[in-house]
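**Student:** make a model of this:
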Amino acid sequence: MDYCEEQATEMEALESIYYDSFITLSKDPPHFQIEISGEAEGEDCLSVCVAFTFTPKYPEEAPLYQILDCDDIDEQKLGCIIDSEINNNLGMAMIFTIASAVQDFLNSIKDELKMRDEQERARKERELQQEEEKKFHGTPVTVESFLIWKLKFDEEMKELQLQKEKTSEKIKMTGRELFLSDKSLQQEEILEGEKPGVTIDESLFEDLDLDDDPDFDPDNFL
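**Tutor:** Predicted coordinates for the structure are as follows:
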């Protein structure tokens, strides 16, 4: 096998496939780096940069590699994925296979992050729905809360009953009782001078000698 020719052919193929993401660092030994990105776009896209160096007998021997930039991705786990692909593809051109496995790993991470975000959003929606249901249904009744409510309710009913009895007693007063009650109030107001709209002119009674009148009864006069 002509290792140099095999390596040169593979580098040309990789440069054609990855184009802007492929950078040749040296040709002897063959040394290059590839920026591998997930399928997502924009800010959601995850990427990692890996540098490879072909050993003299590559692909019969494992290539050397170095993870340069991994976007806070688990570098140890990523290294395990690359090592596994190298061991499974010895004897064949393997860089494209390795890059594809790395891309799948990035996509799986993105799917996991997306799932976590959806689960967190669903959790917040459930919590919000539960709060709304509490407002709609009110506080659940327990034995303790019912007893407290019952005690307060009984006290309020007793107070209402007392007020009702007082009102009923006033309604049941006889005509004489009402008259005497009203007359008593009128006498008190006259004696105290507090009856509104009534003024007594004492000069009108100066010429009257009520003591000589046999029909005069002071009680009937009041």
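**Student:** which strand or helix spans the residue nearest to the spatial centre of the chain?
**Tutor:** For the chain, the residue sitting closest to the mean C-alpha position, by C-alpha atoms, centre = their mean, is residue 128 at 5.1 Å. If you go by DSSP states H and E, residue 128 is part of helix 95-137.
**Student:** for that helix, which helices and strands make contact with it?
**Tutor:** The contact analysis (3 or more C-beta pairs under 8 Å, 6 or more residues apart in numbering; DSSP states H and E) places helix 95-137 against helix 3-18, strand 30-37, strand 47-53, helix 75-88. C-beta coordinates here come from the backbone N, C-alpha and C atoms, glycine included.
**Student:** so what's the residue count around the closest residue to residue 106 other than its chain neighbours?
**Tutor:** Beyond its immediate neighbours in the sequence, the residue positioned closest to residue 106 (C-beta to C-beta, 6 or more residues apart in numbering) is residue 38, lying 3.6 Å away. Burial measure for residue 38: 21 neighbouring residues, criterion other C-beta atoms under 10 Å.
**Student:** got the contact list for residue 38?
**Tutor:** If you count contacts by C-beta atoms under 8 Å, 6 or more residues apart in numbering, residue 38 has them with 45, 46, 47, 103, 106, 107, 109, 110.
**Student:** and it, its phi and psi?
**Tutor:** In this entry, residue 38 is assigned phi and psi values of phi -70, psi 180 (degrees, to the nearest 10).
**Student:** can you check residue 67 too?
**Tutor:** Here the main-chain torsion angles of residue 67 (degrees, to the nearest 10) amount to phi -80, psi 120.
**Student:** what's the distance between it and residue 47?
**Tutor:** If you measure residue 67 against residue 47 using C-beta to C-beta, to the nearest Å, the figure is 12 Å.
**Student:** was I right about residue 17 contacting residue 96?
**Tutor:** Yes - judged on C-beta atoms under 8 Å, residue 17 makes contact with residue 96 at a distance of 6.7 Å.
**Student:** pull out the buried positions in stretch 53-66.
**Tutor:** 53, 54, 58, 59, 62, 63, 65 (16 or more other C-beta atoms under 10 Å).
**Student:** distance from stretch 81-96 to the middle of the chain?
**Tutor:** In this view, stretch 81-96 has its centroid 49 Å away from the chain centroid, taken as C-alpha atoms, centre = their mean, to the nearest Å.
**Student:** and stretch 82-100, by the same measure?
**Tutor:** For stretch 82-100, the distance from its own C-alpha centre to the chain's C-alpha centre is 48 Å (C-alpha atoms, centre = their mean).
**Student:** between the two ends of it, what distance do you get?
**Tutor:** The straight-line separation of the ends of stretch 82-100 (C-alpha to C-alpha, to the nearest Å) is 10 Å.
**Student:** for stretch 57-75, same thing?
**Tutor:** 27 Å.
**Student:** residues touching it, excluding its own?
**Tutor:** 1, 3, 6-7, 10, 33, 46-55, 78-79, 82, 86-87, 89-95, 98, 106, 109.
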